[in-house]
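# Next input, structure requested:
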Amino acid sequence: MIFSENKWSDGDELRPYIPISTSLSFRNMNPAFQNAFGLFIRPVMGNAVVERLQEIYDAVVDISIIREDTDDKEIKLLYYGQRANAFLAYWYDYDELQVLIGDAGIKRQDSEKTKTPYKYQEHSLKEGFKQKGFDALDNLIAYLEENTDEFPEYLDSENYTRTKDAIVRSTQEVNGYYPVNNSRLVFLRLKPAFRVIEDTVIAPRLGAILYNEFKEALMQDSPDEKYLKLREKLLPVVVFYGVRKLILETGSLTDRGLFFTSLKGGDGSYMSLDPVADNRIAMQADKAEADAISYWLLAEQYLKTAFGIPPSNAKKIPNRDNNGKKSFWA
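Okay, here's the model as predicted:
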């Protein structure tokens with residue numbers, strides 16, 4: 001845990017991230033901190049980095065040194081970790097934090113001086129906590145990636161995003177073709193799809209011999225220029241096929257799905273989320289597939305020039321059956 005009762009000091013430990021009241025006790029927040037840390041931060045960082053982070057936190061005596069504008073890389077990592085933990089804790093356990101749970105059941109907190117917020121205010125707060133929390137988690141991942149010399153433990157994490165022999169290696173490469181706001185979290189969701197596309201689409205099209213040579217070349221410190229150029233040509237193919245796969249499987253590149261947001265009138269006005277129609281999702285997937293095919297045709301021209309492999313004349317390009325709405329190999 002990177003928040004503790006002995007460093008709480010009437011909420012001073014949390015106040016740099018969220019402007020809370022001095023009456024908020026650590027005992028009430030502790031379950032929320034633990035839930036957010038275990039569900040979101042530990043899986044992303046990996047156990048080895050978490051242990052290092054815990055050692056850093058335990059060594060801190062004065063919590064005022066935990067800030068972003070510091071030259072101490074360990075303290076800066078702790079700042080990003082605490083920031084993500086704080087916002088995600090408030091978002092994930094928001095409803096529980098708003099009620100009193102006791103022997104008399106569950107009661108809504110209220111008083112003569114203060115009242116609970118309106119529904120639209122609650123929705124806005126929860127969405128704000130969620131967005132800030134996942135943005136902070138994304139910054140945490142980015143910071144670890146940029147400082148692997150200081151935190152080599154992260155290299156062994158299963159979520160380390162830079163894989164040397166992968167065709168798509170970073171969020172920047174994805175963002176160059178499909179806008180994901182440079183989100184490492186979205187990239188982590190796309191990684192399994194990219195791996196499947198490499199094995200089931202790219203490998204059969206290149207053939208086993210060339211594909212193995214290509215992969216072995218990428219593992220070298222100084223690959224032959226023709227293999228680097230081939231990765232450059234195949235990169236958008238994998239990106240768009242991967243995007244298509246994830247959209248069809250989940251309805252979105254994020255964990256939230258696709259929704260329209262609208263403000264509904266009535267008692268206490270509230271925000272409503274209306275799911276996007278299936279045909280809109282299918283349209284996005286079809287567009288990604290069309291882009292993937294277009295880039296594959298460009299890759300084929302390079303394969304002919306650099307490797308002497310003639311174009312497949314669309315024999316290995318998925319075609320669309322507009323009647324049955326299915327893809328097939330022509």
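# From the structure, what's the count of residues near D62?
7 (other Cβ atoms under 10 Å). Every residue, glycine included, has its C-beta placed from N, CA and C.
# need the contact list for it.
Neighbouring residues of D62 by Cβ atoms under 8 Å, 6 or more residues apart in numbering: there are none.
# got the domain boundaries for the chain?
Following automatic domain parsing, one finds the domains of the chain at 5-156, 171-329.
# confidence score at I106?
For I106, the pLDDT comes out at 53.
# pLDDT below threshold where in the stretch 151-300 of the chain?
Within the stretch 151-300 of the chain, the ranges that satisfy pLDDT under 70 run 159-163, 254-277.
# just the helices in it please.
In the stretch 151-300 of the chain, the helices defined using DSSP state H, counting those that start in this stretch lie at 171-175, 184-197, 203-206, 208-218, 225-250, 278-307.
# Now render the domains of the chain as a markdown table, adding distance to K164.
What follows is the domains of the chain, written out as a markdown table (distance: least, Cβ to Cβ, whole Å):
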| stretch | distance to K164 |
| --- | --- |
| domain 5-156 | 11 |
| domain 171-329 | 6 |
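# Quick check: the gap between the one residue sitting closest to the centre of the chain and R67.
Compute the mean C-alpha point of the chain, and by Cα atoms, centre = their mean the closest residue is L185, 1.0 Å away. Distance, L185 to R67, by Cβ to Cβ, to the nearest Å: 24 Å.
# and what of Y143?
With Cβ to Cβ as the criterion, Y143 and R67 are 14 Å apart.
# Distance-wise, check D72 relative to V49.
Relative to V49, and taking Cβ to Cβ, D72 is found at 17 Å.
# D62 now?
Counting by Cβ to Cβ, the gap from D62 to V49 is 23 Å.
# can you give me the strands for this structure?
99-102, 105-108, 259-264, 270-275, 318-321, 326-329 (DSSP state E).
# got the contact list for stretch 137-156?
With Cβ under 8 Å, 6+ apart, stretch 137-156 has contacts from 40-41, 44-46, 48-49, 51-52, 73-74, 76-77, 80-81, 83-84, 88, 159-162, 183-185, 188.
# May I see the buried residues of that stretch?
137-145, 151, 153-154 (16 or more other Cβ atoms under 10 Å).
# before we move on, what about stretch 180-200?
For stretch 180-200, by 16+ other Cβ under 10 Å, it's 180, 183-191, 193-195, 197-198.
# Name the residues that touch it?
44, 134, 137-138, 141-142, 145, 159, 161, 166-168, 170-172, 174-175, 237-239, 241-243, 245-246, 249, 253-255.
# Please name the residues that touch Y241.
Neighbours of Y241 in contact, by Cβ under 8 Å, 6+ apart: 193, 197, 201, 288-289, 292.
# That one and L190: what is the separation?
Counting by Cβ to Cβ - Y241 and L190 are separated by 11 Å.
# Then N175?
11 Å.
# now do E74
In terms of Cβ to Cβ, E74 sits 30 Å off from L190.
# Check T22 too.
43 Å.
# repeat for M45
In terms of Cβ to Cβ, M45 sits 19 Å off from L190.
# Look at the closest residue to G207 other than its chain neighbours and report its pLDDT.
Leaving aside its sequence neighbours, G207 sits nearest to I309 (Cβ to Cβ, 6 or more residues apart in numbering; 7.9 Å). We have a pLDDT of 85 for I309.
# Please apply the same query to the one 5 residues further on.
The score at A314 is 46. That number is its pLDDT.
# go on, P117?
pLDDT at P117 comes out at 73.
# and what of V50?
Reported pLDDT for V50: 95.
# Mind checking which of the buried residues of stretch 137-156 are in helices?
137-145 (DSSP state H).
# now those as a markdown table including distance to K130?
A markdown table is the format used below for those (distance: Cβ to Cβ, whole Å):
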| residue | distance to K130 |
| --- | --- |
| L137 | 11 |
| D138 | 12 |
| N139 | 15 |
| L140 | 15 |
| I141 | 17 |
| A142 | 19 |
| Y143 | 20 |
| L144 | 21 |
| E145 | 23 |
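# quick one: which of the residues you listed is nearest to K7?
L140 (20.0 Å; Cβ to Cβ).
# From L253, how far out is that closest one?
20 Å.
# do I293 as well
Taken as Cβ to Cβ, the span from I293 to L253 is 20 Å.
# and if you look at A299?
23 Å.
# More neighbours: these two, which one.
Neighbours per residue, other Cβ under 10 Å: of A299 and L253, the larger number sits with L253, 23 against 20.
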